[in-house]
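Colleague: Predicted model and sequence follow; I will ask about them next.
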Amino acid sequence: MIDMIYNLRVGDIHAEEFSDEFNRLCIPFEDSLSEEQIEVFHKILDCVSDAAAAEMRAAYNVGFKDGVALMSEVQE
């Protein structure tokens, strides 16, 4: 149920844009790569993004449970 709530709320989460440092490092690096290397680089970035999303889901789940535990404790 917590995952369902998270998945419904994902659209309400506003992601940050890439940082200036990311753009400063990534753009020149990507420009130096061949087409095949760019493809691999993009796949790597996708993997990093997927891992970050999984971590956010897990943190949301734990935070939700912690919040419920706190509310339960306050009610005692």
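Modeller: Okay, I see it. Please read all numbers here as calculations on a predicted model, not as lab measurements. Numbering: from 1, shown residues only.
Colleague: hey, let's count contacts and neighbours off CA atoms from now on
Modeller: Will do.
Colleague: tell me the mean pLDDT for stretch 48-64?
Modeller: Stretch 48-64 shows a mean pLDDT of 87.
Colleague: Where does pLDDT dip in the protein?
Modeller: Scanning the chain for pLDDT under 70 picks out 1-17.
Colleague: One more pass at 90, please.
Modeller: The model of the chain has pLDDT under 90 over residues 1-23, 26, 49, 52-76.
Colleague: what's Pro67 in contact with, if anything?
Modeller: You called it Pro, but residue 67 is Gly. For Gly67, the contact set (Cα atoms under 8 Å, 6 or more residues apart in numbering) is empty.
Colleague: can you give me how far the helix or strand that contains it is from the chain middle?
Modeller: Using DSSP states H and E, Gly67 sits in helix 35-75. Averaging C-alpha positions (Cα atoms, centre = their mean, to the nearest Å) puts helix 35-75 5 Å from its chain's average.
Colleague: what about Asp20, how many residues close to it?
Modeller: For Asp20, the number of neighbouring residues by other Cα atoms under 10 Å comes to 9.
Colleague: got it, and Cys47?
Modeller: The burial count for Cys47: 12, using other Cα under 10 Å.
Colleague: Distance-wise, check it relative to Ala69.
Modeller: For Cys47, the distance to Ala69 equals 33 Å [Cα to Cα, to the nearest Å].
Colleague: Could you do Met56 as well?
Modeller: For Met56, the distance to Ala69 equals 20 Å [Cα to Cα].
Colleague: how close does Leu33 get to Glu39?
Modeller: Distance, Leu33 to Glu39, using Cα to Cα: 9 Å.
Colleague: now swap in Glu21 and tell me
Modeller: 22 Å.
Colleague: Then Arg24?
Modeller: The span separating Arg24 from Glu39 equals 20 Å under the rule Cα to Cα.
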